[in-house]
Structures are given as C-alpha cells and as structure tokens.
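> Predicted structure and sequence below. I'll ask about it afterward.
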Amino acid sequence: MKDLNVLKKLFLLSSFLLCTLEANNELSDILSQDKSQLLKYQSEQNNVQTHQLENSWINPVMLQYSKNYSTQFGSTTNTQQFIVSIDQPVFKMGGIWAAVKYAKALGKANALDIELQKRQLISQALTILFNLKKSKLQLEKLNFMIENDNLDIQIQKESFEEGLSNRSLYDQALLKRNQDITSKLELELNIAKLENDFSLLSEHNPHTLTLPNFSMIEKSRYMEEQLELKRDSLRVTEKKHNKYMTLTKYLPEISINGRYTDEDLNPLFASPGSRIKEQYYNYGFKVTLPISINSFNDIQTSKIEYLNAQITLNEKKKTLANNFKLAQKRLELIDKQIALSKDDMRHYESMLSTAQDQEALGDRTTLDTQIVANSVKVRALDQEIYKVDAQIELLGLYVNVADAM
C-alpha cells in the first residue's frame, strides 16, 4: 500500500525518519505544523549562532563621525571628524583556530540534538499508532471473551436450573463477564487518551495511517550509527577545543591596530604652511599577556568538563549496548509468547473440530462449539498483539539509528 511505503521511507531511508521523503506524501510531515515549524526555527537559530560563533574572534571595524562647536576663539567655530579604526588579534597561540573548531563542533552537536528531538517526537507519534493498533486488537479480543462469558452464563444457568451444578459456577461466570466488560470500558478510555495524545503531535487521522513492519537490526550497525554517540562524540571534541581556548586566554596575544582620520584642524594649527594634516593614519601592533588569579581554576574547570564529556560518551556506549541486549531478551520472550499462543491455538482448533463433530451427533450444544470457536479467534488475536509489542520494541532500537536499512 502507498501509506506503508510512505511510512517506511519516513522511518528508514536517508537519516531515518526525516530525510528524502516525498513532499506530497501525508506522512512525510507526520508532526503537526506548529511542532515542525518550531524545530525548523531551532535548526535555523543553531545555524546562525554557529556562524556567529565561528566569526566571533574577528573584531568589528569601528566607524565614528563627530561634529563639535566651540566659542573659545571669540566666534563660534565647528570642527568635524571621521575615523575608521580596527584592533584585530592575529595570533593567539592557536586560540583562534581552536575557537573556530569549537564553534563547528558545538554547532554540529546542537544540530544532532535537534535531530534527535525531532526523531523522538516522531517516535512518540508512531508508538501511539502502534498502541492504538494493539488496543483495537485487545478490544476485539475482549468482545470475543465477553461473548464467551455470556455463553458460559447461559450454560451455567441451564445447568443450575437442571440441578447439574451449584450456583457458585453461575456466580463466577457473571463475575468474569463483569470483569471483562470493565476491562473493555477501561480500554475504550485508553483509546480515547491515545487519540488525544496523537492529536497533540500530529494533525493526521491516526486511524487512516498504515504502520511499517520492522525487522531486527544488527548490533554493529545499531552501535556504529547511533546519533546519540555521534552527538556525544562531538561534545567531547567541543570540550577539547574549549579546554585549549581557555588555556590560550592566558597566553600572549598579538594584535594589529589601524586608524584612519579625516578631520578639520583646530583653528590654532590651521595657519598657512602648517605641516599638520587633516587626513592621516595611525597603525601599529601590541602584545598582551593577561595575568589573572583565576587562570588556574578556569583552566582546570575546562579540563574537567572535557574529562566528563569523555566519561559520558563511554557511559552512553555501555547504556546503548545494554539497551540492545535487553531488547533482544524482550523480543525472545515475545517470540516464546507467540509460540505458546500458536500451540494453544492448535489445541483449540483440534477441540473445535471435535466439538463440531460432536454437535453434529447431538452430543454437544451449539453454545459449547461457539465458545471453542471464539477461543481460537482469541488466540489468533493474542499473536497479533504480541507482534505489535515486538514492533514497539524494534521501534525503540531504530529510532536513533542513522541511515537504517
């Protein structure tokens, strides 16, 4: 189906979930317009701030114009002045290079943060869709169970009236039906809540979207293409350059300065033959060595931040590896649950065949046969519910993997 292909593209192709989606497909922008626009603004803001930070070492060229009036010489005189000046560091013991590298690493890390935020929002939307599908299956299952409850009540009532059983079996059947009806009502409320939660993330109708079918991802790809690890690795690089920048703040700095002035001369010096110029240049250089009582602490703080970033990266690797291992265990358990449900279903199918034969011979009632038939359907629905659980588990593995295939 078209929707299935669209959602697969949304979730799997080219940077997974977000890139190279066909613009005319409704699922290419599953998030609401407001959330998409907010993320877009965050991305644009990050780009602007990154470029601004990359060029922060370049000092501005200062333009100044002034006009002054004076009555010092008996009559009112006015002088004008126009100045162009610059004071620009050109050598900072590698600090300028480190500042540019720091800005680039920071910008890329922040961009991945925004990417991860967007993926999490889409993952939330997809998780809701999976849970809606699961809830609908559970609702269908409960309908069969309630039907069986009603059949069982009828059987127990007839048995009690004929003196073949005591009232406790009839009471248990009534209690079981009431419990299942209560569960159905709670499930319907949960479906309404899921629909409401989805409406906060997307403007689409959750019941018209078709879900993808994920398969197990290899651990090597899961680890190597984790955007969280790429982001944390960039954080390490960012802190590394910041550490060097902090060090160079307290090392010698060489700056060049220049100034061009075009001004009216003071009337005292404006006599004919004066060698004083109205237009002239000032230029030179300076060497600066800051001495601060906090320099050691400042440098140590930046070093500790760098070491913390390295440890955070290592801890994230362990966490992701453990998450993958735990997901494998959960998927193995779900596979076993599906296998057990299939085994139960085979037994009920055998029982159904026997019940149908006995009903044809008059040895069993239609009520008994219908209960067994419904039980077969319940076991089939159980398998579908477990498969949805598996898809939700796989979604958690795929969500932050780049270029997942």
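It's in. Only a predicted model underlies this, so the values are computations on that prediction, with no experimental measurement involved. Residues are numbered from 1 along each chain as shown.

> export stretch 238-254 as PDB, just CAs?
Coordinates of the C-alpha atoms in stretch 238-254 are reproduced here as PDB (Å, rounded to 0.1, in the frame of the first residue of the first chain):
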ATOM      1  CA  GLU A 238      33.800  20.600  21.600                       C
ATOM      2  CA  LYS A 239      35.100  20.400  25.200                       C
ATOM      3  CA  LYS A 240      38.500  19.500  23.900                       C
ATOM      4  CA  HIS A 241      38.700  22.700  21.800                       C
ATOM      5  CA  ASN A 242      37.100  24.700  24.700                       C
ATOM      6  CA  LYS A 243      39.900  23.500  27.000                       C
ATOM      7  CA  TYR A 244      42.500  24.700  24.600                       C
ATOM      8  CA  MET A 245      40.700  28.000  24.100                       C
ATOM      9  CA  THR A 246      40.600  28.500  27.900                       C
ATOM     10  CA  LEU A 247      44.400  27.900  28.100                       C
ATOM     11  CA  THR A 248      45.200  30.400  25.300                       C
ATOM     12  CA  LYS A 249      43.200  33.100  27.100                       C
ATOM     13  CA  TYR A 250      46.200  33.400  29.500                       C
ATOM     14  CA  LEU A 251      48.900  33.100  26.800                       C
ATOM     15  CA  PRO A 252      50.400  36.000  24.800                       C
ATOM     16  CA  GLU A 253      48.300  37.600  22.200                       C
ATOM     17  CA  ILE A 254      49.400  39.700  19.200                       C
END
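
> in it, what counts as buried?
Burial within stretch 238-254, assessed by neighbour count using 16 or more other Cβ atoms under 10 Å, is assigned to 238-250, 253. The C-beta positions use only the backbone N, C-alpha and C, and glycine is treated the same way.

> For residue 263, state which of these is nearest.
Nearest to residue 263 among those, counting by Cβ to Cβ, is residue 253 at 30.6 Å.

> Out of the buried residues of stretch 238-254, which sit inside helices?
Judged by DSSP state H, those include 238, 239, 240, 241, 242, 243, 244, 245, 246, 247, 248 as members of helices.

> Columns pLDDT on top of those residues, output as TSV?
TSV is the format used below for those (pLDDT from 0 to 100):
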residue	pLDDT
238	94
239	95
240	94
241	93
242	93
243	93
244	91
245	90
246	90
247	91
248	89
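
> TSV for those residues, including distance to residue 124?
Formatted as TSV, those follow (distance: Cβ to Cβ, whole Å):
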residue	distance to residue 124
238	28
239	30
240	34
241	34
242	33
243	37
244	39
245	38
246	39
247	43
248	44
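
> wait, which of those residues is closest to residue 298?
Using Cβ to Cβ, residue 246 is the member of those that lies nearest residue 298, at 5.7 Å.

> What sits closest to the closest one if chain neighbours are left out?
Nearest-residue entry for residue 246: residue 302, 3.9 Å, with adjacent residues in sequence omitted and distances by Cβ to Cβ, 6 or more residues apart in numbering.

> tally of neighbours for the one you found?
Residue 302: 19 surrounding residues under other Cβ atoms under 10 Å.

> Spit out the contact partners of it.
239, 242, 243, 245, 246, 247 (Cβ atoms under 8 Å, 6 or more residues apart in numbering).

> In which helix or strand does it reside?
Assigned by DSSP states H and E, residue 302 falls within helix 295-361.

> Report the mean confidence score over that helix.
Model confidence over helix 295-361, given as mean pLDDT, is 93.

> Just after that helix, pick out the following helix or strand.
helix 366-398.

> tell me what that next one is packed against?
Under the contact definition 3 or more Cβ pairs under 8 Å, 6 or more residues apart in numbering; DSSP states H and E, helix 366-398 sits against helix 95-161, helix 295-361.

> For stretch 366-384, buried residues please.
Residues of stretch 366-384 classed as buried under the neighbour-count rule (16+ other Cβ under 10 Å) are 368-384.

> re earlier: right, and the helices and strands packed on helix 366-398 - which one's nearest residue 48?
Comparison of these against residue 48 by Cβ to Cβ identifies helix 95-161 as nearest, at 9.8 Å.

> quick one, the helix or strand following that closest one and helix 95-161 angle?
Past helix 95-161, heading to the C-terminal end, the next element that is a helix or strand (DSSP H and E) is helix 167-199. Per axes from the mean of the first three to the mean of the last three Cα atoms, to 10 degrees, the angle that helix 167-199 makes with helix 95-161 is 150 degrees.

> Check the offset of helix 167-199 from the chain's centre.
Here the centre of helix 167-199 is set off from its chain's centre by 34 Å, with Cα atoms, centre = their mean, to the nearest Å.

> what about that helix, average pLDDT?
Average pLDDT, helix 167-199: 93.

> Name the residues that touch the next helix or strand after it?
Toward the C-terminal end, the helix or strand that comes next after helix 167-199 (DSSP H and E) is helix 219-224. Where contact means Cβ under 8 Å, 6+ apart, the residues beyond helix 219-224 that reach it are 229, 317, 320, 321, 324, 397, 401, 404.

> Touching, the third one and residue 229? I think so.
Yes: applying Cβ atoms under 8 Å as the test, residue 320 and residue 229 come out as touching, 7.0 Å apart.

> circling back to that earlier point, is it possible to get TSV of the helices and strands packed on helix 366-398 that adds distance to residue 198?
Putting the helices and strands packed on helix 366-398 into TSV (distance: least, Cβ to Cβ, whole Å) gives the following:
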stretch	distance to residue 198
helix 95-161	5
helix 295-361	24
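
> With respect to burial, which of these scores highest?
helix 95-161 (a mean of 19; mean count of other Cβ atoms under 10 Å).

> Provide a list of residues in contact with residue 76.
The neighbourhood of residue 76, defined by Cβ under 8 Å, 6+ apart, consists of 69, 70.

> Ramachandran angles for it?
Backbone geometry at residue 76, expressed as degrees, to the nearest 10, gives phi -70, psi 120.

> Also residue 36?
Backbone torsions of residue 36, given as degrees, to the nearest 10, read phi -60, psi -40.

> What number of residues are in the vicinity of it?
Using other Cβ under 10 Å, residue 36 has 15 neighbouring residues.

> Any figure for the gap between the closest residue to it other than its chain neighbours and residue 179?
When the adjacent residues along the chain are set aside, residue 36 lies closest to residue 29, with 5.9 Å between them (Cβ to Cβ, 6+ apart). If you measure residue 29 against residue 179 using Cβ to Cβ, to the nearest Å, the figure is 43 Å.

> Many thanks, we can stop here.
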